[in-house]
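S.K.: Show me the folded form of this:
(4 chains)
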Number of protein chains: 2
Amino acid sequence: MVETNGVPGVQTRGRARPRTAPSMAEVAALAGVSSQTVSRVSMGLDNVKPATRDRVLAAMAELGYAPNTAARALRYGSFRTLGVIAHQLARTGESRTVEAVVEAARAEGYTVTIVDVESPSPDDVSAAVTRLSHQAIDGLVIVRAESATPDTLALPAQLPVVVSDSRFVGTHPAVRADQTEGARLAVQHLLDLGHRTVHHVAGPDDSLPARSRIDAWRATLEAGGRAVPEPLHGDWTARTGYAVGRELATDPDVTAVFCANDETAAGVLHALHEAGRRVPDDVSVVGFDGITLAEHLWPPLTTVEQDFARIGSSLVDLLLRQVRDEVDLSGTHETVPVRLVVRESTGPAPRRP
Amino acid sequence: MVETNGVPGVQTRGRARPRTAPSMAEVAALAGVSSQTVSRVSMGLDNVKPATRDRVLAAMAELGYAPNTAARALRYGSFRTLGVIAHQLARTGESRTVEAVVEAARAEGYTVTIVDVESPSPDDVSAAVTRLSHQAIDGLVIVRAESATPDTLALPAQLPVVVSDSRFVGTHPAVRADQTEGARLAVQHLLDLGHRTVHHVAGPDDSLPARSRIDAWRATLEAGGRAVPEPLHGDWTARTGYAVGRELATDPDVTAVFCANDETAAGVLHALHEAGRRVPDDVSVVGFDGITLAEHLWPPLTTVEQDFARIGSSLVDLLLRQVRDEVDLSGTHETVPVRLVVRESTGPAPRRP
DNA sequence: GAGCCAAATGTTTACGTAAACATCATGGCC
DNA sequence: GGCCATGATGTTTACGTAAACATTTGGCTC
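M.R.: From the prediction side, this is the model:
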């Protein structure tokens, strides 16, 4: 764990105590009591005479006292803080999950420290973990690890961890959306509409969810005895969706496209419109995620909705069970159901010419 | 500052020290040195004999030692952590700004603790501040305070604060996008295209940026001697954009719409499409923010791009200057330029029938 | 009013780190 | 070979809080 450089212990030196907030001792002096009594008031214990309590509260108010979290954390060995490692905070799935995690953590009295990882490369994620473990956290949520694997990622021993969909499933407690069922629903929906086959604009190769969606897409086509076209590769962005979409638009055989996520679908829609192909009359498009804007794209996008709120709260739940009870949950993983929402971007297959 | 309930000092009790990580003392014992020597190695000081350092590093490795952040923070009086209060993390402007803040903070060796505020009401924001000041932060970034004002928000004295666009401008150091210029550019662009006037779908009333945009929209129309229609009110979401858009779509006099943000614009586009009004042939639409999807809406959205990355880094810069140098910057505020990006959602005004 | 119990409050201590100060060795110099 | 400067290491202490233990106060019983 410790290496020549990157030793957990080695840190740059911080400046010493810049600002001096009032301490319990000062409050105690002002109120004419011992600091222990201040502590009792501060913790809301009831074995303090009301008159004394009032004097202490008044002193706190006068000095603007706030308890020193560092000292408390040192005392308790806990920060009541969770760490979150996310890859691209501004991406929809990401921010919705993080938002839900923050919310769920708050409900449990925890706050959340965020580290954004520049690239999803193992190196960057490792660096993020190292940085976070220098920080004050009781547990760690890894929202997207993409290509990182348990081997490439040196997690501090003893640090409770929970991951959302990634290669850590199996080695760490995980929460994942039901990717397989989602992709199946999407593809089957298109087949049921009479499309002969379904093209797929996939996510990046190193992403496990992306691969789950590819696999389920393929399996569903095969189960229906359909031709399986070569999947096209995107990177979750609308930009590549657009680029790939321009190619798809030129192929008259393409009547149904299942996109790895809604952003990609937006790009595909853009390309189709531009090429003059009508949606859904000529081509049907399905997305994945259920971003807020999906409903207001044109035409409104049929998509597979993930329950980000539930994913977030499950992540926190699973993590806190480890933090509090120190149980070993590795291997457990929870699957959150998804939901196909049919809108106007999908329709019956065009009649063959 | 202290009140009957909600006293900063009062907290529920945490369990005491659940997990015991190896301490310096244990490493010292194993390496046969004093804990101070371990500390020196840990801090990377150079006045340790190489042989000794190696022994200490070996001991650290063996025990899986990591420095206790709480103790360090207590010692230094700093966590190297900044707090961020955001309103709706998943909203685009929000998450982009937060992402940039996280990034900029990381570059300065700080991590970021996030508190998501449920509603932008003063009460909720206050609660968030209270929660955060229990946490271990050296400074606070308020990304959107909306209706909160310096009066309604009890900030801990001495806590360095920086705010993005809000009513705190003036009392606290602030960074704001050039709302006025942005709205002017948007409206003028539409007027230059020959539209007689421009309708506005505004943001919520209690948001200062929303009001700046309204004011600049009105001022630009008046400067051009145009009629100023009643502004319509949205809440930044595509949903209300759609609702309001349905009304606009029925009014043949509406040929140009300036939306308070891109999400709203997406909703308006949706409504216009649905009503069979062509964009931009019948109606031109402009957004605000420059979300990634703007380029891939249909038609690609003309919008006023904010430089979120720069806003984020300016926020951190301004905040750290206070944290480190303890200078008083209240009153200073930085304005970040915006940029009009013209796409296909705007075009010449239709010929009058 | 002595005795006793419980409530209220005070005192001591430990949490892990690192600055400040103290000590000890080593080596160069005359 | 003694002296001092220097570098390496050890010892003491403080940071703010809260548990554990100790003491005082007040009220009640008989």
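S.K.: For chain A, what lies in contact range of DNA strand D?
M.R.: Contacts of chain A with DNA strand D, taken as C-beta under 7 Å from any atom of the strand, map to A:17, A:20-21, A:23-25, A:35-36, A:39, A:42-43, A:67-68, A:70-72, A:74-76. C-beta coordinates here come from the backbone N, C-alpha and C atoms, glycine included.
S.K.: right, is stretch A:91-110 up against chain B?
M.R.: Yes - on the criterion C-beta under 8 Å from any C-beta of the partner chain, stretch A:91-110 is in touch with chain B at A:92, A:95-96, A:98-99, A:102-103, A:106, A:109.
S.K.: Buried only: go through the residues you listed for me.
M.R.: For the residues of stretch A:91-110 next to chain B, a neighbour count by 16 or more other C-beta atoms under 10 Å in any protein chain shown gives the buried set as A:92, A:95-96, A:98-99, A:102-103, A:106.
S.K.: Mark which of those are part of helices, please.
M.R.: A:92, A:95-96, A:98-99, A:102-103, A:106 (DSSP state H).
S.K.: Tell me the one among these nearest to residue A:302.
M.R.: residue A:92 (16.8 Å; C-beta to C-beta).
S.K.: Return only those of the residues of chain A next to DNA strand D found close to DNA strand C.
M.R.: Among these, DNA strand C is touched by A:35-36, A:71, A:74-75 when using C-beta under 7 Å from any atom of the strand.
S.K.: what's the farthest-apart pair in those?
M.R.: Distance extremes for those: the farthest pair is A:36 and A:74 at 17.2 Å, using C-beta to C-beta.
S.K.: between these two, which one's more packed in?
M.R.: More neighbours surround residue A:74 than the other of residue A:36 and residue A:74, with 20 against 10 (other C-beta atoms under 10 Å in any protein chain shown).
S.K.: Give the full set of residues in contact with that one.
M.R.: Residues counted as contacts of residue A:74 (C-beta atoms under 8 Å, 6 or more residues apart in numbering or on different chains) are B:68, B:70-71, B:74.
S.K.: would TSV of those residues with pLDDT be doable?
M.R.: Listed next are the contacts of residue A:74 as TSV, based on pLDDT from 0 to 100:
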residue	pLDDT
B:68	86
B:70	86
B:71	89
B:74	87
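S.K.: Tell me the one of those residues nearest DNA strand D?
M.R.: residue B:74 (4.4 Å; C-beta to the nearest atom of the strand).
S.K.: Would you mind measuring from that closest one to residue B:142?
M.R.: Here residue B:74 is placed at a distance of 27 Å from residue B:142 (C-beta to C-beta, to the nearest Å).
S.K.: Quickly find the element holding whichever residue of the stretch 251-353 of chain A sits closest to DNA strand D.
M.R.: The nearest approach of the stretch 251-353 of chain A to DNA strand D comes at residue A:324, 16.2 Å away (C-beta to the nearest atom of the strand). Using DSSP states H and E, residue A:324 sits in helix A:308-325.
S.K.: right, and the helix or strand after that helix?
M.R.: strand A:333-336.
S.K.: Now the helix or strand following that following strand: average pLDDT?
M.R.: Using DSSP H and E, the helix or strand that follows strand A:333-336 in sequence is strand A:339-341. Mean per-residue pLDDT for strand A:339-341: 98.
S.K.: what are the pairing partners of strand A:339-341, and which direction each?
M.R.: Strand pairing for strand A:339-341, using DSSP bridges, gives strand A:302-305 (antiparallel).
S.K.: returning to what we had before: which pair of the contacts of residue A:74 spans the longest distance?
M.R.: Based on C-beta to C-beta, the longest span within those runs between B:68 and B:74 and measures 9.2 Å.
S.K.: what's the neighbour count on residue A:244?
M.R.: Residues near residue A:244, counting by other C-beta under 10 Å, number 22.
S.K.: Helix, strand, or coil at it?
M.R.: Following DSSP: H, G, I helix; E, B strand; the rest coil, residue A:244 is assigned to helix.
S.K.: and the closest residue to it other than its chain neighbours, what are its phi and psi?
M.R.: Excluding the flanking residues, the one nearest residue A:244 by C-beta to C-beta, 6 or more residues apart in numbering or on different chains is residue A:232, at 4.7 Å. Residue A:232 adopts backbone torsions of phi -100, psi 150, taken as degrees, to the nearest 10.
S.K.: Against DNA strand C, how distant is residue A:232?
M.R.: 51 Å (C-beta to the nearest atom of the strand, to the nearest Å).
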